[in-house]
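Peer 1: structure, please.
(chains A and B)
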Protein chains: 2
Amino acid sequence: MKTLNLNLGEKSYPIYIGQNLLSLGELLTQHIHGRQVMIVTNTTVAPLYLQKIKTLLTDFAVAQTILPDGEKYKTLASMNLIFDALLTAKFDRSCTLIALGGGVVGDITGFAASIYQRGVDFIQIPTTLLSQVDSSVGGKTGVNHPLGKNMIGSFYQPKCVLIDVDLLDTLDSKQYCAGMAEVIKYGLLANIEFLHFLQDNIHSLINRDKTLLISSVYQCCQDKAHIVAQDELETGKRALLNLGHTFAHAIENTLGYGVYLHGEAVAVGMLMAAELSQLEGYLSLDEVNQIRILIKKSNLPITINSKIRKSAFKQAMSVDKKAIGGNIRLVLLRKLGAAFVSSDYQPKLLDQIINKFCQGEDYDR
Amino acid sequence: MKTLNLNLGEKSYPIYIGQNLLSLGELLTQHIHGRQVMIVTNTTVAPLYLQKIKTLLTDFAVAQTILPDGEKYKTLASMNLIFDALLTAKFDRSCTLIALGGGVVGDITGFAASIYQRGVDFIQIPTTLLSQVDSSVGGKTGVNHPLGKNMIGSFYQPKCVLIDVDLLDTLDSKQYCAGMAEVIKYGLLANIEFLHFLQDNIHSLINRDKTLLISSVYQCCQDKAHIVAQDELETGKRALLNLGHTFAHAIENTLGYGVYLHGEAVAVGMLMAAELSQLEGYLSLDEVNQIRILIKKSNLPITINSKIRKSAFKQAMSVDKKAIGGNIRLVLLRKLGAAFVSSDYQPKLLDQIINKFCQGEDYDR
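Peer 2: Below you'll find the predicted structure:
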């Protein structure tokens, strides 16, 4: 087992990464300070791992909330189910919430913990590759609004993150590959060595080689922890982690949540960001092609396979949180392994990218 | 105009107290850092003061949300109306929310600001006595849940609080007197001199003498700012501000929100706390009677005028946030002007108090 620390002063916490961690009860229980524990999970994960977690918690008063599975349930209404359960069980300010699931469960649970009785403890046990490498670390929590993704939420840090890669054994291929999009993101945005590692090992990683997987998850979490420690509230550098995400949110928003998995939308979004970076003169066509190949080898989409109205897409981009006073700020690539935030690009080139991708055309060069 | 500062490091902010402050545009606009301003108010306050505020904001993009008036609308659903308006207007992270109204508007707006796009600026312009002396200062925000009051919320500080006592001219007597309950609370919990001042001047204060009113509001805000600066997140001393509130929440919860105004419920709750303190041997019967007289002279209730089932009342108390692991912690009075938090009292004496008050009987000694 490897342990990373996210350094945030009093809010610092450990991230445990390894195999078979759910057999180590103490690892979890040392971070629970009260006697009441609410496990929040979903209908897919509950039959697989809920009982296993409960056996670690025999000394506690344990309740559970099982949410429906899927991004479309990442809503205030779902969160209210958690509050109903907490209040029915009379859980007080000393309780701990455990998020057992993917990004949706983690984001809702963290948000619920941040506002239940003005804040209670929570712990992340991510069960998807996407949540293990990205969403479980760093304290961004929230839910979607019909008019925009993650529009309602908070910055709220867990007491620990317990990443057991064995939990990925039960993850279907589509979900697994979607997670790989976020793994690739870390290589692209700040770590050229890791990008090369991924290019060399993508086949084995897609086949879930556990040793390579632990290294990769560790690398992503380390990079993320490093960035979050410098900019918890995303006033600066943390925005780099949104590489591909403004496009991805617009894809999800216009197609409807769930048509593309979040990671799939991020894959296309990163490619859109890379193509815009190429048009702006930062990347070469060859470099864009390297990204396209890596995404394709990860069984991820490189186009939007449904037609989207360009006006709707632009509308969706403009309400994204990354907008400042109406100008859309985007994360672009200065080169492979070096991202930067910019609103200083030619609007017509952004239009060109949107025109290309919103046709749903196949455009392999 | 008097200015108080709430000292919370980077989160510090000024509290302006005086008359005719809404004519000083700069006072407000110096605290608005973006170009987008959302005024949140209610159907009662909007016709009185909304236009006046808007004339101060001609240099900004201004939108508004007018909520229905009343504690029963302090819900997640009302908050969602604010999010709908913010997203429809495409307000981004640089926007500022202004709460123009009483405690309900302030609590909802502050909470909405704390979670819109993971946190935007907000400003409090309280229009009721209760919100001017208590709820607008200190950063407690939130909404009610059908199973408990203020169960969902956050600690989130405004950029400034603008307290114009002239706004109280339009407040009806019942609301005004309800606010006086929170004024009395400050005297009871930590300031014997202020309690004596209130005992001497309650008649003039109820008649809204402006000079006495400004002094009183200033005193309450100063006492509150002092306590909050020491314990923002209510891990200790801040709990003293809940004097009477655990009882009050149970009254509101069992009678249904709106039967008693919050301040009215607090008045009865403070008397219940005082009577329990007397049974526990801290206060004399005469001291309890002094409190009863002061409450009565403020045109506030000293009994619960509807019958409440004792079991329902106890049930409602037990889900109050102040409960820790099942034991109900209460704020009691060691003497007049000195409150303390305790779970070390005889349950049968608490039962005795609940029995007495839940009958709705008149019990002047």
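
Peer 1: tell me where chain A has strands.
Peer 2: Assigned by DSSP state E, chain A shows strands spanning A:2-6, A:13-18, A:36-42, A:61-67, A:96-101, A:121-126, A:140-145, A:148-155, A:161-164, A:330-335, A:338-342.

Peer 1: now tell me what touches the fourth one from outside.
Peer 2: This means strand A:61-67. Residues outside strand A:61-67 that contact it (CB atoms under 8 Å, 6 or more residues apart in numbering or on different chains): A:35-43, A:46, A:50, A:54, A:73, A:78, A:81-82, A:85-86, A:89, A:91, A:101, A:104-105, A:108. Yep, even glycine has a C-beta here, placed from its N, CA and C like the rest.

Peer 1: and the residues you listed near chain B, which?
Peer 2: Filtering these for neighbours of chain B using CB under 8 Å from any CB of the partner chain leaves A:Arg35, A:Gln36.

Peer 1: which of the contacts of strand A:61-67 count as buried?
Peer 2: Those of the contacts of strand A:61-67 that meet the buried threshold are A:35-42, A:46, A:50, A:73, A:78, A:81-82, A:85-86, A:89, A:91, A:101, A:104-105, A:108, by 16 or more other CB atoms under 10 Å in any protein chain shown.

Peer 1: just the strands of chain A: most buried one?
Peer 2: Ranked by mean neighbour count, the strands of chain A are led by strand A:96-101 with a mean of 28 (mean count of other CB atoms under 10 Å in any protein chain shown).

Peer 1: up against chain B, what does the stretch 51-200 of chain A have?
Peer 2: Contact residues (CB under 8 Å from any CB) of the stretch 51-200 of chain A with chain B: A:76, A:80, A:83-84, A:87-88, A:90, A:92-94, A:111, A:114-119, A:140, A:142, A:145, A:147-148, A:151-155.

Peer 1: wait, what's in contact with A:Asp84?
Peer 2: With contact set as CB under 8 Å, 6+ apart, A:Asp84 has these partners: B:His145, B:Leu147.

Peer 1: how many neighbours does the residue lying closest to A:Arg329 once chain neighbours are set aside have?
Peer 2: Counting by CB to CB, 6 or more residues apart in numbering or on different chains, A:Ser343 is the residue found nearest to A:Arg329 once chain neighbours are left out, at 4.6 Å. Counted with other CB atoms under 10 Å in any protein chain shown, the neighbours of A:Ser343 add up to 13.

Peer 1: what about A:Leu100, distance to chain B?
Peer 2: 22 Å (CB to the nearest CB, to the nearest Å).

Peer 1: and that residue, what's its pLDDT?
Peer 2: Reading off the confidence values, A:Leu100 has pLDDT 98.

Peer 1: equivalent analysis for A:Gly360, please.
Peer 2: 49.

Peer 1: kindly report the same for A:Ala312.
Peer 2: At A:Ala312, the model reports a pLDDT of 89.

Peer 1: and what of A:Asn5?
Peer 2: Here, the pLDDT recorded for A:Asn5 equals 95.

Peer 1: identify the bridge partners of it.
Peer 2: A:Pro14 (DSSP bridges).

Peer 1: list the contacts of it.
Peer 2: By CB under 8 Å, 6+ apart, A:Asn5 lies in contact with A:Ser12, A:Tyr13, A:Pro14, A:Ile15, A:Ala225.

Peer 1: that one and A:Ala99, how far apart?
Peer 2: Remark: distance between A:Asn5 and A:Ala99 (CB to CB, to the nearest Å) = 20 Å.

Peer 1: swap in A:Ser114?
Peer 2: Distance of A:Ser114 to A:Ala99, computed by CB to CB: 12 Å.

Peer 1: so for chain A, the centremost residue is which one?
Peer 2: Residue closest to the mean C-alpha point of chain A, counted by CA atoms, centre = their mean, is A:Ser135 at 3.5 Å.

Peer 1: so that one sits right up against A:Gly101, yeah?
Peer 2: No: using CB atoms under 8 Å as the test, A:Ser135 is too far from A:Gly101 to be in contact (10.6 Å).
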